[in-house]
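Asker: Return a 3D structure for these sequence lines:
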Amino acid sequence: MRVLVAKVGLDGHDRGAKIIATSLRDAGMEVIYTGLRQTPEMVVNTALQEDVDAIGVSILSGAHMTVFPKIAKLMKEKGLNDVLLTGGGIIPEADMKTLNELGVGQLFPPGTTTMEIVNYITEWVNLNRQF
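Answerer: Coordinates of the predicted model:
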């Protein structure tokens with residue numbers, strides 16, 4: 001499985017993203033980490049170029065209601081209909097529900113175990129990606 005881990009916008013806190021990237025790699029996934037200050041367009045273009053199964057966005061800046069819908073829209077425009085968009089960070093539960101209704105996958109708050117994230121991505125990809 002190939003997973004893109006992304007940090008979008010001016011959010012400069014990437015410790016969590018790096019921990020998740022390492023955990024996914026340790027679980028046998030191939031991980032592409034974008035680094036800081038990416039735009040939604042950069043994330044989706046990288047996902048396309050790298051032929052990923054999932055995109056995980058780490059966001060602590062409060063811009064989740066802008067970032068996730070923009071990435072989801074771009075994914076649809078580029079035909080990435082069978083790629084998981086998931087993520088985590090400081091996202092209120094009500095906003096998580098709204099984002100899920102827009103097609104964003106499960107979102108993970110602080111305190112989620114890395115194994116929960118690994119299991120979710122693995123199960124989603126196995127059920128939804130057609131090779």
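
Asker: Wasn't Asn45 part of a helix?
Answerer: Yes - under the criterion used here (DSSP: H, G, I helix; E, B strand; the rest coil), Asn45 sits inside a helix.

Asker: Could you report the pLDDT at it?
Answerer: Turning to Asn45, the model gives it a pLDDT of 98.

Asker: What of Lys97?
Answerer: Value for Lys97, per-residue pLDDT: 97.

Asker: And for Asp14?
Answerer: So Asp14 comes in at 87 (pLDDT).

Asker: List the beta-bridge partners for the nearest residue to it once chain neighbours are set aside.
Answerer: Of all residues not flanking Asp14 in the chain, Lys7 sits nearest, at 5.4 Å (C-beta to C-beta, 6 or more residues apart in numbering). The C-beta positions use only the backbone N, C-alpha and C, and glycine is treated the same way. On the basis of DSSP bridges, Lys7 is bridged to Ser58.

Asker: what residues are up against Lys7?
Answerer: The contact partners of Lys7, by C-beta atoms under 8 Å, 6 or more residues apart in numbering, come to Asp14, Ala17, Thr34, Gly35, Leu36, Arg37, Gln38, Val57, Ser58, Ile59.

Asker: Closest to Arg129 out of the residues you listed?
Answerer: Val57 (18.7 Å; C-beta to C-beta).

Asker: How is the closest residue to that closest one other than its chain neighbours assigned, secondary-structure-wise?
Answerer: Nearest non-adjacent residue to Val57, counting by C-beta to C-beta, 6+ apart: Gly87, 3.6 Å away. Of the three states, Gly87 takes strand under three-state DSSP.
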